[in-house]
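Asks: Based on what follows, work out the 3D shape:
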Amino acid sequence: MDISEEKIVEPKAEPKKIIRYADDDRYPVSTLALMRIPPLVGGLALGMVLAFITSRFEEVLLKNIQMAFFIPFVVYMAAAVGSQTQSIYTRDLKSGKAGFMHYLVKETCLGLILGLLFGVASWLMVEMWFGSEVIARAVALSMFAAIATAPLVALIVTEVLQLERQDPAVGAGPIATVIQDTITVIIYGLISSAILLG
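Replies: Sure, this is the predicted structure:
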């Protein structure tokens, strides 16, 4: 054997970090609490940001207090659509069947379809209830825009948590919900301001 030959040392592969999924059957309450508290604390902080942003649209609410009636309505619908996306994507991530780009295309299309459907439905309901085309238009456009963005927010937050090796089922719900709520309030406030104050 030639002593001039150098021994090639292969670099050791770093161990792959495994995602620890929250499982009520495997872990005690203390462990489950420690897994669930951090995203909820993040949600609490973002919730205060949401409250501050809502206060910035005081002028439009003073102009027409009826606009305040529809904030929970629009926020809930967007959060519900986002929650559906997040639940389905998280389930398929755990099974190894999910592809982000595949979901992104399909869920974007679904967001647009659902936004259009519920935007039109809300327009008709508000028009019948208040007889105001201005309020109906503001609510309908807000509903469309908020629902259209909801699947994107849910997918992106879930994917980021997955890439960070965090359990998306624990973190995505609180974080994605409060981000989507904030986006929805901004959308609602801007559209309402443009229509009522413009």
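Asks: What segments of the protein are helices?
Replies: Here the chain has its helices, by DSSP state H, at 29-55, 58-63, 71-95, 100-130, 133-163, 168-196.
Asks: Format those helices as TSV; extra columns: mean pLDDT and mean neighbour count.
Replies: Yep, even glycine has a C-beta here, placed from its N, CA and C like the rest. Converted to TSV, those look like this (pLDDT from 0 to 100; neighbours: other C-beta atoms under 10 Å):
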stretch	mean pLDDT	mean neighbour count
helix 29-55	81	14
helix 58-63	86	14
helix 71-95	89	19
helix 100-130	94	16
helix 133-163	92	22
helix 168-196	86	22
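Asks: can you tell me which residues contact the residue nearest to residue 123 when sequence neighbours are not counted?
Replies: Among residues not flanking residue 123 along the chain, residue 140 sits closest, at 3.6 Å (C-beta to C-beta, 6 or more residues apart in numbering). Residue 140 makes contact with 119-120, 122-123, 126, according to C-beta atoms under 8 Å, 6 or more residues apart in numbering.
Asks: 6 Å instead?
Replies: Contact partners of residue 140, counting by C-beta atoms under 6 Å, 6 or more residues apart in numbering, are 119, 122-123.
Asks: repeat for residue 53
Replies: residue 185.
Asks: What's the separation between it and residue 189?
Replies: Distance, residue 53 to residue 189, using C-beta to C-beta, to the nearest Å: 7 Å.
Asks: and for these two, which residues touch both?
Replies: Going by C-beta under 6 Å, 6+ apart, no residue sits against residue 53 while also sitting against residue 189.
Asks: Serialize the contacts of residue 140 to a markdown table and add fields for distance to residue 29.
Replies: Below are the contacts of residue 140 laid out as a markdown table (distance: C-beta to C-beta, whole Å):
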| residue | distance to residue 29 |
| --- | --- |
| 119 | 43 |
| 122 | 41 |
| 123 | 47 |
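Asks: Residue 77 versus residue 144, what's the distance?
Replies: On the measure of C-beta to C-beta, residue 144 and residue 77 end up 10 Å apart.
Asks: now swap in residue 49 and tell me
Replies: In terms of C-beta to C-beta, residue 49 sits 21 Å off from residue 77.
Asks: what does residue 64 give?
Replies: Noted for residue 64: a distance of 21 Å to residue 77, by C-beta to C-beta.
Asks: My guess is residue 148 contacts residue 114. True?
Replies: No. Counting by C-beta atoms under 6 Å, residue 148 stays clear of residue 114, with 8.0 Å between them.
Asks: how close does residue 156 sit to residue 150?
Replies: Distance of residue 156 to residue 150, given as C-beta to C-beta: 11 Å.
Asks: Kindly report the same for residue 170.
Replies: Going from residue 170 to residue 150 by C-beta to C-beta gives 20 Å.
Asks: for residue 176, what are its contacts?
Replies: Applying C-beta under 6 Å, 6+ apart, we find residue 176 in contact with 82, 86, 153-154, 157.
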